[in-house]
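> dropping the sequence and predicted coords here.
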Amino acid sequence: MEGALTARDKVGVQDFVLLDAYTSESAFLDNLRKRFSENLIYVIYAIADNAYRMMCSELNNHFILISGESGAGKTEASKKILQYFAVTCPMTESLQIARDRLLLSNPVLEAFGNAKTLRNDNSSRFGKYMDIQFDFKGERNFHIFYQLLEGGEEELLAYLGLERDPQLYKYLSQGHCAKESSINDKNDWKTVSNAFSVIDFTEDDLENLFGIIASVLHLGNICFEENQQGWASIPDTHEIKRIGKLLGVHPWVLLEALTHRKIEAKTEEVICPLTLELSAYARDAMAKAVYGRTFTWLVNKINSSLVNKDFTGKTVIGLLDIYGFEVFDKNGFEQFCINYCNEKLQQLLIERTLKAEQAEYEMEGIEWEPIQYFNNKIICDLVEERHKGIISILDEECIRPGPATDLSFLERLEEKVGKHAHFQTRKLAGPKGRKRIGWMEFRLFHYAGEVTYCTEGFLEKNNDLLYRHLKEVLCRSKNRILKECFRVAELENRRRPPTVGTQFKNSLSSLLEILISKEPSYIRCIKPNESKEPSKFDDFLIRHQVKYLGLMEHLRVRRAGFAYRRKYEHFLQRYKSLCPDTWPHWHGPPAEGVERLIKYIGYEPEEYKLGRFIKGFINRNKPLCPDNEEFIVFVRKNYILNLRDHVPKNVLDKSWLRPPGILENASNLLRKMCMRNLVRKYCRGITAERKALYGIPVIKYDRKGFKTRQRQLILTPKAAYVVELAKIKQKIEYPALKGVSTSSFSDGILVIHISPEDNKQKGDAVLQCKHIFEAVTKLVMLVKKENIVNVVQGSLSTSASTMLAAALLTASS
Ligand SMILES: Nc1ncnc2c1ncn2[C@@H]1O[C@H](COP(=O)(O)OP(=O)(O)OP(=O)(O)O)[C@@H](O)[C@H]1O
């Protein structure tokens, strides 16, 4: 193992930042080629490990963004990272369950969310936009269909009314490549079936799930014929009956919904027959909606099975592997969405690295020569800008009255964004470019290269409306999964649902919000060749990716700047052992400790820089002034952001992020507010039934006894603590109350500590009470002290347990 590790170092350079000719693209490519030929293609474990260690030491959230074009190896890389975490992270028993489930959720998600495309035999089609598959030509549909047919047990197939041959199903036979040598559906079925059993799927879940999968296949086989009036009819009702049985819907109701449409007039509903074309549209829309929502259900189900009940630390590492940039001979609405997504992720990367890094050097006052890079914001705006971007123009075209077509959409684009430097159509292109663009096409100059999109189908796919009539049928389904996917409440909303393009844009923006709040790490996957051949290094293709991924610019920024940057505190904590002055403890300001440490190690002045940080840090305890202003703003922001992820989640959680000196007052106020909120939330959550119970005075309280038997107050299990607290109040002045201790054993014992200096009081009181949460909460509210609760790990010990023993003895005597 060690030998293999040193071998890695001997082939070219492992880290491109160390490349001598770091501005030369050819040197970059040479290094890639050398390492590729020796099969040294990954640095992944280092990135995963680094993210994990930083998360542990700095208690912050991270994400690893894996990018690259379709088929470049993103999914494979993400699996390697998961395996790495699975092997290296410390495990408790319940974490192990979560880990197994996490690893096994992969084949399930791939079966339902991946398909073969021209670029990749196992291409991820995940995301909000995964329901596009049924229109793909020249490829396979989602793997699960083939796996079920090939590997499903005879009995299961008979129950579902399915035959083994995929060619019998229209949704599977369009692509003419149901059999694919690189894919073993039978084996994959076994893997997926095994995974289902580990990730909490019941028999009932699976019956419903496969009922849906089979129904989609049957739906695809429904044929329409034109009746004498020119409307669609379904002469062979065989499939309809099967679907009716599998989805628990009435077959005739389904038949009507597939051939008719409900139109709501002011006071009544009119049922209109559909043409052949519209019926086929309704059928496909139903198949997509049923499959799409079932996939979302599946993801939610897997997510809830992964919830780690042991989860006490609150930091996370997110792993994002999403469909990659796609260019086919013919590109449609789906490629438009996928490429827009990649454009946004590239934008995030630019914002967080090239731009942010240079801005940081400037802010820190570190000498710096700006590096030019292509900022793709201009392309993102072209696609998404409100009222002006392509998605808005498409939406307008979808809802405007009058005859809107894909061609009228193209004309509208020419009118509104025709002058944009990254947009072109046949009409707008010069004589040379004209030949390569069709009449129905537009071209976008993406960061990754130009892509020509055919507008055919854009309007229909953007609308993707599931007729209300069909929605009603699905809402009444007896299939338990569909019941969860199609809620009756949806029918009550009369507003037009957002278009597919807008939904896609919105979900991307929420995804980016999640990513922006975390510390980033990036993995760039480069595809070696287009022919899926081993060991083939296609120079031209790789050079193109190096260019558009901006790798040379990233390298120059990293080289010109400082590849390793840490906060003073973290740096000192990590390396203090290297210098006798800082080891084992440095008592001065961390920034000065760092300076002492680096001088001791002997770094040359040009090898490191101390950011402006330092002046602000030195003056951190002075009133706000120009010298510390930036620093204090930074510290404030940092603390608040960090605190947001570490606020206590219940009234007994006493943890609180230690504030920097300047924020102590603010932190105390926030802490009080937070506790008040938690208490209020808790009280609101108490049911009326429980409240009533608290009011029943079930124990006889012997006032005299309390006086004579100091420290001993025993409540029966049904203690009406409100009454008792009122009685405690007669004996204990609340200001004298010092604290409350409970054990972590759910034994109902709590000790109320009284100030020993207060002679008027009778000493600590030991209580046993069934509703300990309520009792403690109420007490906290009464005394208006949020900080008094102490949960003792294990049983109550020392004086408390002695008192307890005495108290219990007294109770039984
Ligand atoms: N290191 C590797 N060695 C050999 N084959 C690989 C390697 N990495 C990936 N592959 C294969 O290449 C194909 C594409 O990989 P992968 O599915 O990870 O690509 P992707 O970037 O996630 O694509 P998409 O964006 O289409 O989902 C897969 O068949 C995978 O098995």
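Happy to help now that I have it. What you see is a predicted model; the values in this text were computed from it and never measured.

> now do the contacts for residue 299.
Applying C-beta atoms under 8 Å, 6 or more residues apart in numbering to residue 299 gives the contacts residue 109. Yep, even glycine has a C-beta here, placed from its N, CA and C like the rest.

> and the spatially closest residue to residue 536 that is not a sequence neighbour, helix, strand or coil?
If you skip the residues right next to it in sequence, residue 536 has residue 529 as its closest partner in space, 4.2 Å away by C-beta to C-beta, 6 or more residues apart in numbering. Classification of residue 529 by DSSP: H, G, I helix; E, B strand; the rest coil places it in coil.

> what separation do you get for residue 529 and residue 40?
Distance from residue 529 to residue 40, counting by C-beta to C-beta, to the nearest Å: 18 Å.

> kindly report the same for residue 425.
Distance from residue 425 to residue 40, by C-beta to C-beta: 45 Å.

> between those two, tell me which one has more neighbours.
residue 425 (23 against 17; other C-beta atoms under 10 Å).

> in the sheet, who's paired with that one?
residue 442 (DSSP bridges).

> name the residues of the top helix by length along the chain that are buried.
Ranked by residue count under DSSP state H, the longest helix found in the chain is helix 276-306. By 16 or more other C-beta atoms under 10 Å, the buried positions in helix 276-306 come out as 276, 278-295, 297-299, 301-302, 305.

> and stretch 776-789, by the same measure?
776, 777, 778, 779, 780, 781, 783, 785, 786, 788, 789.

> contact partners of the helix or strand harbouring residue 453?
Residue 453 is part of strand 449-454 when elements are defined by DSSP states H and E. Defining contact as C-beta under 8 Å, 6+ apart, one finds that strand 449-454 is touched by 327, 330-333, 335-336, 339, 436-438, 440-444, 544, 548.

> stretch 490-500 too?
129, 333, 337, 394-395, 398-399, 461-465, 468, 471-472, 475, 506.

> and the residue nearest to residue 536, how close does it get to residue 31?
Per C-beta to C-beta, residue 529 is found 18 Å from residue 31.

> likewise residue 77?
Counting by C-beta to C-beta - residue 77 and residue 31 are separated by 19 Å.

> and for residue 405?
52 Å.

> then residue 293?
Taking C-beta to C-beta, one finds residue 293 at 47 Å from residue 31.

> up against the ligand, what does the stretch 501-650 of the chain have?
Contact residues (C-beta under 6 Å from any ligand atom) of the stretch 501-650 of the chain with the ligand: residue 525.

> where along the stretch 501-650 of the chain do the strands fall?
For the stretch 501-650 of the chain, the strands defined by DSSP state E, counting those that start in this stretch cover 519-524.

> what residue in it comes nearest to the ligand?
Closest to the ligand within the stretch 501-650 of the chain is residue 525: 5.7 Å, counting by C-beta to the nearest ligand atom.

> in stretch 436-451, what's buried?
Neighbour-count burial for stretch 436-451 [16+ other C-beta under 10 Å]: 437, 440, 441, 442, 443, 444, 445, 446, 447, 448, 451.

> what is the nearest of those residues to residue 145?
residue 451 (28.8 Å; C-beta to C-beta).

> now do that closest one, the pLDDT please.
For residue 451, the pLDDT comes out at 93.

> ditto for residue 668
90.

> the one 3 residues further on too?
For residue 671, the pLDDT comes out at 90.

> just residue 562 next, same as before
72.
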